[in-house]
Each structure stands twice: as C-alpha cells, then as structure tokens.
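Enquirer: Need the 3D shape of this:
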Amino acid sequence: MLYNNDSSILSIEMPVPHLSTALRGPILDLENRIISAMPTIEHWLRNKWREHTVPFYCSVDLRNSGFKLAPVDTNLFPGGFNNLNPEFIPLCVQAMMSAIEKICPDTHSILLIPENHTRNLFYLQNIATLQNIMQHAGLNVRIGTLLPEITTATQIDLPNGQAITLEPIVRKNNKLGVGNFDPCAVLLNNDLSTGVPEILQDLNQIVIPPLHAGWATRRKSDHFSAYDRVAQEFAELIDIDPWLINPRFTSCGEINFREKQGEECVASAVDRILSIIRKKYQQYGVKDDPFVIVKADSGTYGMGIMTVKDGADIYKLNRKQRNKMAVVKEGMQVSNVLVQEGVYTFENINQAVAEPVIYMIDRYVVGGFYRVHTGRGIDENLNAPGMYFVPLAFETTCLVPNSAAQPNFIPNRFYAYGVVARLALLAAALELEQNVARTAIPLPA
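Expert: You can find the predicted model right below:
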C-alpha cells in the first residue's frame, strides 16, 4: 500500500518482492535516485497504464554497470517461467488473475500454444509452470501444438517430475480447440519468428499477445525508438540524464553478411555509436573501453549477435563469424540489424558473469532470475550455449528509507530493476500500438 505525504492512501498495489542480488556493496547513485523517487514513479506509471494497453506478459534483459542500468532486450513471449523462484508463484497467480480479467472477464478456459521445441525439455518446463500458474488462477488450460507430427494427445515427462500433454490443434468455425475443448481465448508462447501460420489467422477468439507482437512484424529498433521517448520522459520526472537508463542505438537494413552487403552502414553506425559513448564515458569518468552490440533486428535466443569495439572490425569478419551473423532462429536470414550501445555487466555469481532478467505479468513485476555464463566476459552476450539461471531470492528485510540506522541493511536493488523493466514494458505498449497499423502479417514461406 502506498501513501501520500499526508498519510492518505494513494492506492493499493501488488507488492514488489524484495530480493537479494549479486551486488552487496553500497547502493549506487542511480539506484538511490530511483528508490528515493518511489512515490512519484509509481504515480506516474499508474497514469501510463490508464493510457495504454499493457502487454499480457513480458521479460526484460537488463545490464547493470553501476553507473548505468538499462534494458538491452524485451521479450513479449517469455520462455523462462520455470527459472523463477517458486516463492514468486503466488505473485504470478495474482497478476495472472488481473491480466485475464482485464482482457476477457468471462474467460474460463485457455488454449496455450507453445514453441515447437519438443526436444528442449527446459523450455517445456516453462510451459508446465505457465500452465500451473493459470490453473491456480482458476482457468482450465490445455496445450495445443502446431507440430504436424503430433496427431494424438502426447504426454511428455519432464526432468523435474512434471509432465505436460501436447494435443493437435483443431480449427472449426474460425475457432481453435483441442479434442472437445472449446477455449475462450488463445495464449501464445510462440514468438512467430517464421511468420504467422494460416491456422492462427482471422480467428473469432481473443489471441494474446496479438499476432503483431510476434517477430514476423516486430522490430527491436521500433521498440527502442519507443523506449527513447519513455526514457526521456522518465528522466525528466526524476531529474536524471536519460542516458543512464537508455542504450543508444541505430539500425541498418539491406544487410547480407555472407555476401558482405551493407557492411558500410554497419561499420559507420558502430563508429557513430562508439563516439557518443566515449563522450558520455568522459563526462562520467568511466575508464572502460566502450563497445557496441550488433544483432539481428528481430528474433530471440541470442542468435545473430556480436560485440564490436571498432567499426573496421565489421570488414574483418571471417567466414564463420559471417555465417553466424547471417541467420537466426529456425534458419531465418538476417537482413536488418540493430547497432546498440553495449552496457557492461558488473554483476557476478561465484566469479561468473551475470545479468538480471525481470518477469512481468500485466503491469506487475512477478520475479526474475540471473542469467549466468562462466565462459563469457562482462562485455559479451550471455544468452548463449553454456548459460545457466539462478533465481533471485527473497530478502527478509523490507525497503526502509533510513538505511543508515541499520548496519546490515541491504538496499532493495530489485526495485530499481523493476522500475527500468516496467519502462521497457511501457515502451512495448507504445510499440504495439504503432504496430497495429501494420495490416500485412507475413505468412510462413
């Protein structure tokens, strides 16, 4: 519950969990500014949620370099609910109730459609966890698959002792179902990277997230353009430099890494972003070398991404590097790239580099985890083979303004994480509003 200065009730809010983090040192200036402005921030965000439709669920990859805390990726089809601390499940259930009631108050049954990763048992554990959350929210949930080889209900046993049942999807009268199950709505946990299958087109059911949230139409450059506007307004709200929460970026099109087409644009963009970062580093006394991340402008799974510290390096890529940058998930060709300011991560767990990933359902922060990689550096992408996940754990203390009176006080660093993640969520809302205008949704080749 939040209060005004006169102690009148401002609003009733779902609690933001207080979590322990890998950083245990003195709280940093940026995070302190965010924590100190908590009432102002929460009031501002509530107004924003009244103005815009919040994405159903979302995960945000953050990078914390101490002087800077910024989102570097926003996923509208999060696939890691199994990595959350089990203590977060009640928060997830409560947020799920809110999300469903807002979209379709009469919904009592949901068809959940996952990715076609039947061999990725960890991903399927995510699906099992998501199904469990929705069931605890009072929903009947069945899992329908787009895989043509699954023609009957198929149970898959999972390493953690859970099991899920995949069923072939049946379309009838522009509605999807499985067996004799007639769901009120369809929930996608499939990011539509290869296009929107015909079976999902022109349905009479509510589809969440909407089809235009998939990577068939979505672009990271659109998202970060929207985030630019959000970050600027937020920075003015709490009187900070927007760069402290915002990675600079640009984009390039008509790229073919294998054929060395479009290299000039990428190399020039890298040098331009590096120049901006150098000036900012000088302003803030940062001694580290700036770097840039070049990655596909759409898609997930950490594919088609590399770290660059000089535009000239783009011309020096070997064949293996070019092939790696040329394709992303499911063999899709890369023709557009995002050239984004690299943000160091100075968090670590057991001497391994780590970055926080924050999960939200509706407008509520419901938890998170650290993505950890023992084989990567503080300036590299951690979403790569060899990564593992460490759930963020609850702290027993609460956020107390007068921390000086408590010698063992651990600052609620997670609150700052949650704020920046919600800024990315708001940017996603703006982005999706703009994408509604795109009427042509690509079908799979």
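
Enquirer: Every contact and neighbour count from this point should use C-alpha atoms.
Expert: Fine.

Enquirer: hang on, residue 236 is in a helix, isn't it?
Expert: Yes: assigned with DSSP: H, G, I helix; E, B strand; the rest coil, residue 236 falls within a helix.

Enquirer: which non-adjacent residue is nearest it?
Expert: residue 242 (7.9 Å; CA to CA, 6 or more residues apart in numbering).

Enquirer: phi, psi of the one you found?
Expert: phi -60, psi -20 (degrees, to the nearest 10).

Enquirer: which intervals of the stretch 301-445 of the chain have sub-threshold pLDDT?
Expert: Within the stretch 301-445 of the chain, the stretches with pLDDT under 70 are 301-303, 328-331, 393-412, 437-445.

Enquirer: now the strands for it?
Expert: In the stretch 301-445 of the chain, the strands defined using DSSP state E, counting those that start in this stretch lie at 305-308, 337-341, 347-349, 352-361, 364-373, 388-391.

Enquirer: For the fifth one, list the C-alpha coordinates in PDB.
Expert: Only the C-alpha atoms of strand 364-373 are listed here, as PDB (Å, rounded to 0.1, in the frame of the first residue of the first chain):
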ATOM      1  CA  TYR A 364       3.100  -6.300 -12.200                       C
ATOM      2  CA  VAL A 365       6.700  -7.400 -11.600                       C
ATOM      3  CA  VAL A 366       6.400 -11.000 -10.600                       C
ATOM      4  CA  GLY A 367      10.000 -12.100 -10.200                       C
ATOM      5  CA  GLY A 368      13.300 -12.700 -12.100                       C
ATOM      6  CA  PHE A 369      16.500 -14.600 -12.200                       C
ATOM      7  CA  TYR A 370      20.100 -14.100 -13.100                       C
ATOM      8  CA  ARG A 371      21.400 -15.400 -16.500                       C
ATOM      9  CA  VAL A 372      24.900 -16.600 -15.700                       C
ATOM     10  CA  HIS A 373      27.700 -17.700 -18.100                       C
END
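
Enquirer: neighbouring strands for it, and are they parallel or not?
Expert: Its sheet considered, strand 364-373 pairs with strand 352-361 (antiparallel), strand 388-391 (antiparallel) by DSSP bridges.

Enquirer: Tell me what residue 369 is bridged to.
Expert: residue 357, residue 391.

Enquirer: where does the stretch 101-250 of the chain dip in pLDDT?
Expert: If you take pLDDT under 70 as the line, the stretch 101-250 of the chain has no such spans.

Enquirer: related to what we said a few turns ago, reformat the strands of the stretch 301-445 of the chain as TSV; add mean neighbour count and distance to residue 96.
Expert: Formatted as TSV, the strands of the stretch 301-445 of the chain follow (neighbours: other CA atoms under 10 Å; distance: least, CA to CA, whole Å):
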stretch	mean neighbour count	distance to residue 96
strand 305-308	21	33
strand 337-341	25	32
strand 347-349	19	30
strand 352-361	25	6
strand 364-373	26	9
strand 388-391	18	20
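
Enquirer: and of these, who's closest to residue 226?
Expert: strand 337-341 (14.3 Å; CA to CA).

Enquirer: which residues touch the closest one?
Expert: If you take CA atoms under 8 Å, 6 or more residues apart in numbering as the criterion, strand 337-341 is touched by 220-221, 247-253, 255, 266, 269-270, 273-274, 277, 291-298.

Enquirer: swap the cut-off to 6 Å and go again
Expert: 247-252, 292-297 (CA atoms under 6 Å, 6 or more residues apart in numbering).

Enquirer: among those, which are in strands?
Expert: Judged by DSSP state E, strands contain the following of the contacts of strand 337-341: 249-252, 292-296.

Enquirer: re earlier: residue 381 is nearest to which of the strands paired with strand 364-373?
Expert: Closest to residue 381 of those, according to CA to CA: strand 352-361, at 9.8 Å.

Enquirer: Residue 351 - nearest residue in space that isn't next to it in sequence?
Expert: Using CA to CA, 6+ apart, the nearest residue to residue 351 is residue 374, at 7.8 Å.

Enquirer: Can you get me a residue count around the nearest residue to residue 343 once chain neighbours are set aside?
Expert: Using CA to CA, 6+ apart and skipping the chain neighbours, the partner closest in space to residue 343 is residue 63 (6.0 Å). Residue 63: 27 surrounding residues under other CA atoms under 10 Å.

Enquirer: and if you look at residue 107?
Expert: Neighbour count for residue 107, taken as other CA under 10 Å: 16.

Enquirer: From residue 205, how far out is it?
Expert: Applying CA to CA, to the nearest Å, the value for residue 107 to residue 205 is 11 Å.

Enquirer: hey, where'd the strands end up in the stretch 1-150 of the chain?
Expert: According to DSSP E, counting those that start in this stretch, the strands that the stretch 1-150 of the chain contains are 2-3, 9-11, 57-64, 69-75, 109-114, 140-145.

Enquirer: what's the most buried one of those strands?
Expert: Among the strands of the stretch 1-150 of the chain, strand 57-64 has the highest mean neighbour count (mean count of other CA atoms under 10 Å), at a mean of 25.

Enquirer: Of all the strands of the stretch 1-150 of the chain, which one comes closest to residue 321?
Expert: Of the strands of the stretch 1-150 of the chain, the one closest to residue 321 (CA to CA) turns out to be strand 69-75, at 21.8 Å.

Enquirer: which helices and strands does the closest one pack with?
Expert: Counting contacts by 3 or more CA pairs under 6 Å, 6 or more residues apart in numbering; DSSP states H and E, strand 69-75 packs against strand 57-64.

Enquirer: Adjacent strands (with direction) for the strand it packs on?
Expert: For strand 57-64, pairing defined by DSSP bridges yields strand 69-75 (antiparallel), strand 352-361 (antiparallel).

Enquirer: Out of those strands, which is closest to residue 150?
Expert: Residue 150 sits nearest to strand 69-75 of all the strands paired with strand 57-64, at 27.3 Å, using CA to CA.

Enquirer: how far is that closest one from where the chain is centred?
Expert: In terms of CA atoms, centre = their mean, to the nearest Å, the centre of strand 69-75 is found 7 Å from the chain centre.

Enquirer: Likewise for stretch 430-438?
Expert: 18 Å.

Enquirer: Neighbours of the closest residue to residue 312 other than its chain neighbours, how many?
Expert: Distances taken as CA to CA, 6+ apart place residue 267 nearest to residue 312, at 6.2 Å, with adjacent residues excluded. Neighbourhood size, residue 267 [other CA under 10 Å]: 19.
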